[in-house]
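Novice: Here's a sequence, model it:
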Amino acid sequence: MNTSATTPSSVRVDAWLWAIRAYKTRSAATAACRAGHVRLNGNPVKASQSVVPGDTLRVRQPGYERILEVRRLIAKRVGAEAASHCFTDHTPPRPVAPALGIPQRDRGTGRPTKKDRRDMEKLLGER
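Specialist: Numbers count the residues shown, from 1 in each chain. Next up, the predicted model:
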């Protein structure tokens, strides 16, 4: 099998991010590059810049930053399993949010009574 015919020699950053399913649309990937949310090997990148295997991309998404290493180039969007073979995810695990201590009512107990509501407000420090 000739891999040079199926593997492109260069791929734009925005097209690669869209193909591996980091963004829903290519225009969203382009907008993220323009906004400075994507860095290639530590430097801000334009959407038209090419990626090569071995490059490291830092993609800032709401709430966290993904660190992706390019393993294979693809230009067309493929299934999630096939896309996962094109990059290595070096993103550290997200920290677990601490429990807030919000009181939970048992299911089926209905609406809280006035006394229950006052107790909850007192517990939360609202009164």
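Novice: neighbours around residue 30, how many?
Specialist: Neighbourhood size, residue 30 [other Cβ atoms under 10 Å]: 21. (Glycine included, C-beta is placed from N, CA and C.)
Novice: That one: which element?
Specialist: Using DSSP states H and E, residue 30 sits in helix 26-34.
Novice: in that helix, what counts as buried?
Specialist: Buried residues in helix 26-34, counted by 16 or more other Cβ atoms under 10 Å: 26, 29, 30, 32, 33.
Novice: Please report the distance of the residue sitting furthest away from the middle of the chain from residue 122.
Specialist: Ranked by distance from the centre of the chain (Cα atoms, centre = their mean), the top residue is residue 115, with 43.8 Å. Noted for residue 115: a distance of 11 Å to residue 122, by Cβ to Cβ, to the nearest Å.
Novice: Neighbours of residue 13, how many?
Specialist: Residue 13 has 24 neighbouring residues, counting by other Cβ under 10 Å.
Novice: you'd agree it is up against residue 52?
Specialist: No - applying Cβ atoms under 8 Å as the test, residue 13 and residue 52 come out as separate, 10.9 Å apart.
Novice: follow-up on the earlier one: where does the residue farthest from the centre of the chain sit: helix, strand or coil?
Specialist: Here residue 115 is recorded as helix under DSSP: H, G, I helix; E, B strand; the rest coil.
Novice: give the contact list for it.
Specialist: By Cβ atoms under 8 Å, 6 or more residues apart in numbering, residue 115 lies in contact with nothing.
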